[in-house]
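A.B. asks: just the structure for this:
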Amino acid sequence: MNTTRYPSTSCPHCGYKMDAASPVEGTGVPSEGDFSVCINCAGLMVFTHDMTLRKFGEADYEELVSDTDVCRRLLTVRDLIKRIKDKA
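C.D. replies: Numbers count the residues shown, from 1 in each chain. Predicted coordinates for the structure are as follows:
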């Protein structure tokens, strides 16, 4: 797994500052339209063309549920973050 650094941006859900992303598996780097999960609040987000993050929209949900593998992985990561935060 590799980590990609990008200019600091804030989670559109909770305001948490982020400047890096790591793929769930593999060695990919994020690009426009890729999904992400906030490590602080588990909010679902999408990378924009300038590597900032925006909240999921209705069209994003439609795209996500059409790809069951990506949907499963993204929701698993979101659920793990929520469980870790609940135990803290």
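
A.B. asks: in the protein, which spans are helices?
C.D. replies: All helices of the chain, identified by DSSP state H, fall at 58-66, 68-87.

A.B. asks: so which of these gets nearest residue 38?
C.D. replies: Checking the helices of the chain against residue 38 by C-beta to C-beta gives helix 68-87 as the closest, at 7.7 Å. In short, each C-beta sits where N, CA and C put it, glycine included.

A.B. asks: stretch 22-34 - what's its average pLDDT?
C.D. replies: For stretch 22-34, mean pLDDT rounds to 83.

A.B. asks: just stretch 47-63 next, same as before
C.D. replies: 91.

A.B. asks: which other residues reach that stretch?
C.D. replies: 6-7, 9-13, 18, 21, 30-36, 43-46, 64 (C-beta atoms under 8 Å, 6 or more residues apart in numbering).

A.B. asks: tell me which of those fall in strands.
C.D. replies: Within the contacts of stretch 47-63, residues falling in strands by DSSP state E are 6, 7, 9, 10, 18, 21, 35, 36, 44, 45, 46.
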